[in-house]
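*Asks:* Fold the following, please.
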Amino acid sequence: MLIDEFDYQLPEELIAQEPPANRGESRMLVLDPAAGTMEIVPFSRFPEYLNPGDVIAINDTKVIRARLFARKDTGAKIEIFLLGLSDAGKRNGNLWQCFMKPGKRVQVGMELKMLLRDGVTLSDEYTVRLVSKDVETGVCVVEFSGAETMQILHDCGHLPLPPYIKRPDEESDSERYQTVYAEIPGAVAAPTAGLHFTEKTFAELKEKGVDTAHLTLHVGAGTFKPVEETEVEKHHMHTERFFFSDAAAEKLNAAKKNGKRVLAVGTTSLRTLESCVDNEGFFTPQDGETGIYIYPPYKIKSADMLLTNFHLPKSTLLMLVSAFAGMDPIRKAYAMAIQEKMRFFSYGDCMLILNKVK
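*Replies:* All right, here's what the predicted structure looks like:
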């Protein structure tokens, strides 16, 4: 299968640079692949499409302030983009994998002073030292000193807005680039389908008898990695850390046994579910990493419905939704979204897919 089959032309003005004025005031394209129907409605109508006993699976990861800046003794400014804790860092919390730019200017063993969040003031106490560097991949391991890493991120870090958002992060992004249910720090990108939910949404779902299952997948920088292979099958998928609890598995298995539906909120939730489901559609609690790569004609076993934002051309996320709904229905849905000037990508509108390809 060729990557060009997942290409489309998107007018640049449809790439959302800001979230809607108020959370939840986005539009939702409702796609029913089996019936061949599409309509665009306000996201506020989302609960109407769920039934009592259905369960929605949400990713409660929290975006960390993963973009930082430091200075060498010479005054040269270095950008540090965190990817996640290194294996050793899981023991002490201050060793992290990252990209450094320009990486060639930093040698192993070199210690840099951290810049505070204003981007100008050097910290008197926070430093970062380059521990190792993989020349092939560019992945570095750094060690922070002066405080726990989360304190350093709070004082020095910037929210890692995606590269297609052409502006610096602002204080408002601290709230709006997190879901209202974000709880477990570790992601370097938001699970964006969840950005539409408000406390009112959850209250309406609860009143209707719809349950919620929490899972955690820490979204990695690889989610933005372009597919460079011409043939889809040759792409090497990145891995991401996840946690899927006994409680979540019990809720979802009960729904399955009772003939109710499971809705995955976002591609990250769906990747987690597909990593923990058996061939009969039942779930087993797990804690680990997943590199699952979903593209047509992969058959989804875990979820019956999917809520998702609109994804980049030629991306693994577009392949995943095409596997869920079918390539032709997704092409038609994206064409309609562009025609109706819906907003695309992280801060954009969303699509509700009512059923998967059988």
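
*Asks:* can you give me the helices in the stretch 151-300 of the chain?
*Replies:* Listed in chain order, the helices of the stretch 151-300 of the chain (DSSP state H, counting those that start in this stretch) span 173-176, 199-208, 246-257, 267-275.

*Asks:* Export the first one to CSV, keeping only CA atoms.
*Replies:* What follows is the C-alpha trace of helix 173-176 in CSV, where atoms were taken according to Å, rounded to 0.1, in the frame of the first residue of the first chain:
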residue,chain,number,x,y,z
ASP,A,173,-2.3,27.1,26.6
SER,A,174,-1.5,25.8,30.1
GLU,A,175,-5.2,25.1,30.5
ARG,A,176,-6.4,24.7,26.9
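
*Asks:* the strands in the stretch 151-300 of the chain, which residues?
*Replies:* 184-187, 211-217, 240-244, 262-265, 286-290 (DSSP state E, counting those that start in this stretch).

*Asks:* So which of the ones you listed has the densest surroundings on average?
*Replies:* strand 262-265 (a mean of 27; mean count of other CB atoms under 10 Å). Heads up, the C-betas are built off the backbone N, CA and C, glycines and all.

*Asks:* Compare the strands of the stretch 151-300 of the chain and give me the one nearest Ile330.
*Replies:* Taking CB to CB as the criterion, strand 262-265 is the member of the strands of the stretch 151-300 of the chain that comes nearest to Ile330, at 15.8 Å.

*Asks:* Extract the C-alpha trace of that closest one and format it as PDB.
*Replies:* Written as PDB, here are the backbone C-alpha positions of strand 262-265 (Å, rounded to 0.1, in the frame of the first residue of the first chain):
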ATOM      1  CA  VAL A 262     -17.300   0.900  23.700                       C
ATOM      2  CA  LEU A 263     -16.300   4.400  22.400                       C
ATOM      3  CA  ALA A 264     -12.600   5.300  22.200                       C
ATOM      4  CA  VAL A 265     -11.900   9.000  22.800                       C
END
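
*Asks:* Go ahead and name everything in contact with that strand.
*Replies:* 50, 54-59, 191, 193-194, 197, 252, 255-256, 270, 273, 302-307 (CB atoms under 8 Å, 6 or more residues apart in numbering).

*Asks:* redo that, cut-off 6 Å
*Replies:* With CB atoms under 6 Å, 6 or more residues apart in numbering as the test, strand 262-265 has contacts from 55-58, 193-194, 252, 255, 270, 273, 303-307.

*Asks:* Can you list the strands that it pairs with?
*Replies:* strand 55-59 (parallel), strand 305-309 (parallel) (DSSP bridges).

*Asks:* Could you tell me the angle between the last one and helix 267-275?
*Replies:* By that I understand strand 305-309. Calculated by axes from the mean of the first three to the mean of the last three CA atoms, to 10 degrees, strand 305-309 forms an angle of 140 degrees with helix 267-275.

*Asks:* Kindly report the same for the first one.
*Replies:* Interaxial angle, strand 55-59 versus helix 267-275 (the same axes, to 10 degrees): 110 degrees.

*Asks:* Put the alpha carbons of strand 55-59 into CSV.
*Replies:* Taking Å, rounded to 0.1, in the frame of the first residue of the first chain, the C-alpha atoms of strand 55-59 are listed here in CSV:
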residue,chain,number,x,y,z
VAL,A,55,-18.6,3.1,28.1
ILE,A,56,-16.2,5.7,26.8
ALA,A,57,-12.5,5.2,27.2
ILE,A,58,-10.5,8.3,27.9
ASN,A,59,-6.7,8.9,28.1
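
*Asks:* Note down every partner strand of the next helix-or-strand element following that strand and its orientation.
*Replies:* Per DSSP states H and E, the first helix or strand lying C-terminal to strand 55-59 is strand 61-63. In the sheet, strand 61-63 lines up against strand 184-187 (parallel) (DSSP bridges).

*Asks:* what is the mean pLDDT for the partner strand?
*Replies:* Averaged over strand 184-187, pLDDT sits at 92.

*Asks:* got the contact list for it?
*Replies:* By CB under 6 Å, 6+ apart, strand 184-187 touches 60-64, 216, 218-219.

*Asks:* swap in stretch 40-57?
*Replies:* By CB under 6 Å, 6+ apart, the surrounding residues in contact with stretch 40-57 are 24, 26-29, 196, 204-205, 208-213, 215, 251-252, 255, 258, 260-265, 269, 340.

*Asks:* got the contact list for Lys314?
*Replies:* Contact analysis of Lys314 by CB under 6 Å, 6+ apart lists 3, 6-7, 227.
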